[in-house]
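Colleague: Sequence first, then the predicted structure:
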Amino acid sequence: MMKQIQEQTALNPLHSHWRLADDRNVLYLSPTGETDAEKTVELSPEQAGRIREITAITSSLLITLLIEKQVTAVHLVGRKINNREWAGQPGNLA
């Protein structure tokens with residue numbers, strides 16, 4: 001229960017969209033899905049690589065991120081949206 005509360009606090013509702021570009025290992029979190037990131041999370045090369053393996057078909061993966069000094073398991077649902085970017089929404093881990 002506490003883990004679920006931490007996940008909701010770290011991601012919802014303000015960070016309902018995520019985006020990753022091909023030139024940086026930074027996950028951008030925003031309320032609208034536009035380029036105006038509310039929060040950024042530094043990814044390891046391995047984490048960024050896992051996201052970049054996602055194709056144009058909607059996919060999901062479970063990834064552990066450090067958000068607001070908390071290790072948080074995040075279920076990312078998304079796809080490759082163009083030649084240089086991946087985007088989607090955090091899924092529900094309930």
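Modeller: Ah, there it is.

Colleague: residues contacting N25?
Modeller: Contact analysis of N25 by C-beta atoms under 8 Å, 6 or more residues apart in numbering lists 42-45, 47-48. Quick note: C-beta positions are derived from backbone N, CA and C, even for glycine.

Colleague: Just the buried subset of the residues you listed, please.
Modeller: 43, 47-48 (16 or more other C-beta atoms under 10 Å).

Colleague: so of the contacts of N25, which ones are in helices?
Modeller: 45, 47-48 (DSSP state H).

Colleague: Out of those, the closest to D23 would be?
Modeller: Within the ones in helices among the contacts of N25, proximity to D23 (C-beta to C-beta) peaks at A48, which comes in at 10.5 Å.

Colleague: which one is the closest one nearest to, not counting chain neighbours?
Modeller: Using C-beta to C-beta, 6 or more residues apart in numbering and skipping residues adjacent in sequence, the residue nearest A48 is N25, 4.0 Å away.

Colleague: which phi and psi does the one you found have?
Modeller: phi -90, psi 60 (degrees, to the nearest 10).

Colleague: Name the residue closest to the centre of the chain, please.
Modeller: W18 (4.5 Å; C-alpha atoms, centre = their mean).

Colleague: How much space separates that one from E38?
Modeller: Using C-beta to C-beta, to the nearest Å, W18 is found at 11 Å from E38.

Colleague: and for the two, which residues touch both?
Modeller: Listed as contacting both W18 and E38 by C-beta under 8 Å, 6+ apart are 29-30.
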